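**Student:** The sequence and its predicted three-dimensional model are supplied below.
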Amino acid sequence: MTSPFDVSPELLAWDGDVPRARRLQSELAARVRLHDDDGPEPHRVAGVDVGFEEGGAITRAAAVLLDAATMQPLAEVVARLPTRMPYIPGLLSFRELPAVLAALAQLPHVPDLILVDGHGVAHPRGLGIAAHLGVITGLPTIGVAKKILVGTHDAIGPSRGERAPLMHRGRMIGTALRSKDGILPLIVSPGHRVSHATAVERVLACGRGYKLPEPTRLADRLASRRDRRPL
DNA sequence: GCGACAG
DNA sequence: ATCTTGTCGC
């Protein structure tokens, strides 16, 4: 049984060459599928997020597996790896995916869908971290970001569920979605094997009253909690 | 050349 | 992302 998270290193290799990394992104972006699979609804959904320790020297990725129907957590895992590169806008996935893959590989089941903290195709070259993860694993993914990297959108109504398309170079690359009344909108974009409409639908379906959908909200909590200092 | 710039 | 206490609002 080969795990989908056991990917070829060349698909996310970082050697300090920015132009080369960008070329790889463009190549992989051509493999992104923005269509829904026909078949049953996802049974298990995972949420992933990354945090840092030791002043950034250690990258800590957290993955949480949940029952898609109830949003009850089934498993929570964490992976720590030495940080290999700095944050470079547009190249986030090269910095964070190694740890994310290590965390996902520890889950007891392969998820039917993965929600990632970051962008999907709402990226300069169409390959944000969610799209990159989807293409190299072959699994359906959705990007859920808190800020725009590229693109613009019109004003959005104040109620949960209201939205506006995120446009870039005349193309829709994502959706600015009000996930909670009166709160700044989330930026939702397909990562792989999901349409724009379904990406938004799934994020709303995973909502439990908070700004972030449950999968990434729980992963966020695991990835960035400074160890509780009990007395 | 001057900003903008996921996490 | 991370460094950090209190404070405003539901």
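**Tutor:** Yes, it's here.

**Student:** make it CA atoms for all contacts and neighbour counts henceforth
**Tutor:** OK.

**Student:** so residue A:72 sits right up against residue A:66, yeah?
**Tutor:** Yes: if you go by Cα atoms under 8 Å, residue A:72 and residue A:66 touch, sitting 5.4 Å apart.

**Student:** between these two, which one's more packed in?
**Tutor:** Comparing residue A:72 with residue A:66 by other Cα atoms under 10 Å, the one with more neighbours is residue A:66, at 23 against 13.

**Student:** Let me see the mean pLDDT of the helix or strand where the more buried one lies.
**Tutor:** Assigned by DSSP states H and E, residue A:66 belongs to strand A:58-67. Strand A:58-67 carries an average pLDDT of 98.

**Student:** tell me which residues of the following helix or strand past that strand are tucked away?
**Tutor:** Following strand A:58-67 in sequence order, the next helix or strand is strand A:73-82 (DSSP H and E). Within strand A:73-82, the residues that count as buried by 16 or more other Cα atoms under 10 Å are A:73, A:76, A:77, A:78, A:79, A:80, A:81.

**Student:** Just give the nearest non-adjacent residue to the second one, would you?
**Tutor:** The reference is to residue A:76. Residue nearest to residue A:76 in three dimensions, not counting chain neighbours: residue A:64, with 4.4 Å by Cα to Cα, 6 or more residues apart in numbering.

**Student:** What count of nearby residues applies to that neighbour?
**Tutor:** So residue A:64, with other Cα under 10 Å, has 29 neighbours.

**Student:** what residues are up against it?
**Tutor:** Residue A:64 makes contacts with A:46-48, A:73-77, A:107, A:215-216, A:218-219, as judged by Cα atoms under 8 Å, 6 or more residues apart in numbering.

**Student:** wait, what's in contact with the spatially most central residue of chain A?
**Tutor:** Centroid-nearest residue in chain A: residue A:116, 1.7 Å away (criterion: Cα atoms, centre = their mean). By Cα under 8 Å, 6+ apart, residue A:116 lies in contact with A:47, A:48, A:49, A:129, A:130, A:141, A:142, A:143, A:144, A:216.

**Student:** Do a quick rundown of the strands in chain A.
**Tutor:** Taking DSSP state E as the criterion, chain A contains strands spanning A:44-53, A:58-67, A:73-82, A:113-117, A:141-145, A:163-168, A:171-177, A:186-192.

**Student:** Hmm, residue A:124 is touching residue A:169, no?
**Tutor:** No: the pair residue A:124 and residue A:169 does not pass the contact test of Cα under 8 Å, sitting 9.9 Å apart.

**Student:** Among these two, which residue is more densely surrounded?
**Tutor:** Between residue A:124 and residue A:169, counting by other Cα under 10 Å, residue A:124 is the more crowded of the two (18 against 10).

**Student:** Let me see the contact set for that one.
**Tutor:** Neighbours of residue A:124 in contact, by Cα under 8 Å, 6+ apart: A:90, A:149, A:150.

**Student:** Can you sort out which of those residues also neighbour DNA strand B?
**Tutor:** Among the contacts of residue A:124, the residues within reach of DNA strand B (Cα under 7 Å from any atom of the strand) are A:90, A:149, A:150.
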